[in-house]
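> Using only what follows, build the 3D model:
(chains A and B)
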Amino acid sequence: MGHCLPERRVDNQELAEKLGVAAAEIEKRSGVRSRFFAADGQGPSDLARAAAGIALSEAGIGATDIDFLIFATMTPDVTFPGSGCYLQEKLGCRTIGALDLRAQCAGFLFALEVADQFLRAGAYRRVLIAAGDVHSSGLDFSPRGAAATPLFGDGAVVAVLDAEGDGLVGSVIHTDASRFEDFWCELPSSRRRPTRFLPQDLALGKHYPSLDAAAVWREGVQHMRAAVEEVLTKSAVRPDDVRQFFFQHVYRDAALAVAEDLGVGARATVGGLDEGHIASASLPLALCRARQNGDVGAGDLVCLATAGSGANWGAALVRL
Amino acid sequence: MTRANSRIVGVGRYLPEHVVTNQDLTRVMDTTDEWIQQRTGIRERRYIAEDTGAADLGVVAAREALDRAGLRADQMDLVLFATLSPDYDFPASACVLSRLFGLKRTPAFDVKNQCSGFLYGLAIADKFIKTGRARHVLLVGGEIHSTGIDLTTRGRDVAVIFGDGAAAAVLTAEPDAKRGVLSTHLHSEGRYAEKLWLEAAASRSRPRLSQEMLEGAKPRIFPHMEGKYVFKHALTRFPEVILEALSANGFSVKDLDLLIPHQANLRISQMVAMGLELREEQMFNNIDRYGNTTACSIPLALYEAIEQGRVEAGALICLAAFGAGFTWAAALMRW
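The predicted structure follows:
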């Protein structure tokens, strides 16, 4: 695995003036102290390229050894083609398949399931998963964005999977879109005639993410908790067998609450304090760092869970 | 681990009623029916007439596919939506479709692989079924292009090509290893990403949408294409991936009962058929009535081929696509 965060760190002080809220208030409401913003011209595929260099080097293979690439993002470099095509070129892969998968915040867990099926079906031997988002170019830096804007950050994580062993012990993924407007971004919208996005839309702000905090918090807690219980039961694994739990939610407090609810607070990692919510990349980022720090290592069983826009959510048990 | 093949057991389609002929387009741009037909083989396409999303078209197509399969939406283990024109910026159109079906747990996500999207989705569905992770999968390809093209003389080279529509397939586990999807083959080559692309909204630009992107001489919110590049690469990659699929299963072109190519341009399809020395009855075309509907075109063509009695039990069918990315793909099926 490898990760890449952009160079520019943005603290709450910097946001405070634009958003018209005190820095302390931003941290209190969002649970985020600072985040990283990509530079102009830097897209998810650029961040993923750097992350992939680290991941491939750790795996001891080259880009041409990869048989299939999956890019999970909700903020592609351009509208089309997908970031996977850009990454295929940037890494110098063969003309392998490059799937662009859109499942929002739970993108990494969805990509993991997809990769696992291709590997277990014998279609491919080595699959590269890139999870990356650049939110900062699509946030509202005016007082109207005071609630949503501080939550998000940019970054990418890459994981290389091979067909040997049984790394993915168990996985559950789900969607319930009954209330998708609780956490969405309406524009550009292909359903709107005559044109998806008009110059006058720039002033209205419907091209920025919008969240109903209470609803997203409540559903996130329910979904993550249920997914962890489901994946443990399905895999016949007891919570005590899990070395470390990783929870991710756009509201850090929701992820912390799930860890407490499940009684695993002492063995739980909740990312985002200094990176914000990077959607698809946040959950694997926490795992990637824990591996680098030696908090978890080969043979350890870890549990990953997240919930987000869609609502899409899931949990996975991974043997490192 | 391989337990079953996947097999398409139902297809459906839904096209907006509003027909836009080449003649209609001459009223908003400087073009002619003859020019469009000669270069693309397109006579007419469909556009939505009121605010309608890809998922709204997709749900009607999916209902028909489910009816034909004798299955209900809540029996699906996975919902896939292939589109390059999602209903909203986020979440995915697969989520929007899920709500229209009232689904509460079934995993749903979008496949964003442009013209190859349906075949990328088919490959995913096939693998989920092969490993036993899913028994039934709903795969929809749906697009609303008409709200994202430049319907003026400036945009005519691209705008005349695309149409709106949705089509769907239900895949299910097939115990007979000689039936169903025999193999899938997926490819990409990002060095040509900007030969056929739509830039904005672009997360790599700060901000990703701006006045300058929306206006100016060459608005960046409309697709752009270097037609010659696309044409040239299509003529290489289509035959290459079709032969890859056939040879992976020990077949040759003469064994093929029907080739259903992505309906990108009639001239491309005709030259591919000529290069592979396909007989007329081995090739399916319907671009004349719908234009290029990207992720929708293959299931839409498959639907009509079935309706016309051109897909019989036991037939060897090849689905093949090439398009933006570049991405290209093929699937070989025994019907």
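
> drop to CA atoms for contacts and neighbour counts, all remaining ones
OK.

> Domain ranges for the chain, per the record?
Reading this off chain A. Using automatic domain parsing, the domain parsing of chain A gives A:2-164, A:170-319.

> Chain B, not that one
Taken from automatic domain parsing, chain B resolves into B:5-177, B:181-334.

> Just give me the neighbour total for residue 122.
This is for chain A. 15 (other Cα atoms under 10 Å in any protein chain shown).

> that's the wrong chain, I wanted chain B
Residue B:122 is flanked by 27 other residues according to other Cα under 10 Å.

> where along the stretch 1-150 of chain B do the helices fall?
Here the stretch 1-150 of chain B has its helices, by DSSP state H, counting those that start in this stretch, at B:22-25, B:33-40, B:54-69, B:93-101, B:117-130.

> for chain A, which spans come out with low pLDDT?
By pLDDT under 70, chain A contains no weakly predicted segment.

> Okay, helices next: where are they in it?
With helices called from DSSP state H, chain A shows them at A:12-19, A:23-30, A:44-59, A:83-91, A:107-120, A:201-204, A:213-234, A:252-261, A:282-293.

> Compute the distance between residue A:3 and chain B, please.
Remark: distance between residue A:3 and chain B (Cα to the nearest Cα, to the nearest Å) = 18 Å.

> That should have said residue A:154, apologies.
10 Å.

> Name all residues that make contact with the most centrally placed residue in chain A.
In chain A, the residue lying closest to the centroid (Cα atoms, centre = their mean) is residue A:280, at 1.6 Å. By Cα atoms under 8 Å, 6 or more residues apart in numbering or on different chains, the contact list for residue A:280 reads A:72-74, A:104-108, A:131-133.

> One more pass at 10 Å, please.
For residue A:280, the contacting residues are A:71-75, A:102-111, A:130-133, A:155-157, A:248, A:306, A:308, by Cα atoms under 10 Å, 6 or more residues apart in numbering or on different chains.

> same thing with residue B:183?
Taking Cα under 10 Å, 6+ apart as the criterion, residue B:183 is in contact with A:123, B:5-6, B:123, B:126-127, B:244-246, B:248-249, B:318, B:330-333.

> of those residues, buried ones?
Buried members of those, counted by 16 or more other Cα atoms under 10 Å in any protein chain shown: A:123, B:5-6, B:123, B:126-127, B:244-246, B:318, B:330-333.

> Out of those residues, which one has the weakest pLDDT?
Within the set of these, pLDDT is lowest for residue B:5 (93).

> so what's the residue in chain A sticking out farthest from the centre closest to, chain neighbours aside?
Distance from the C-alpha centroid of chain A, by Cα atoms, centre = their mean, peaks at residue A:194 (33.1 Å). Spatially, and ignoring its direct neighbours in sequence, residue A:194 is nearest to residue B:147 (5.4 Å; Cα to Cα, 6 or more residues apart in numbering or on different chains).

> With respect to chain B, which of the helices of chain A lies nearest?
Of all these, it is helix A:83-91 that lies closest to chain B, at 4.3 Å by Cα to the nearest Cα.

> Say whether chain B is contacted by the closest one.
Yes: for a cut-off given as Cα under 10 Å from any Cα of the partner chain, helix A:83-91 has contacts with chain B, namely A:83-90.

> got a list of what the residue lying closest to residue A:20 once chain neighbours are set aside touches?
Nearest non-adjacent residue to residue A:20, counting by Cα to Cα, 6+ apart: residue A:143, 5.4 Å away. By Cα under 10 Å, 6+ apart, the contact list for residue A:143 reads A:15-21, A:149.

> So residue B:220 sits against residue B:205, correct?
No: counting by Cα atoms under 10 Å, residue B:220 does not reach residue B:205; the two are 11.6 Å apart.
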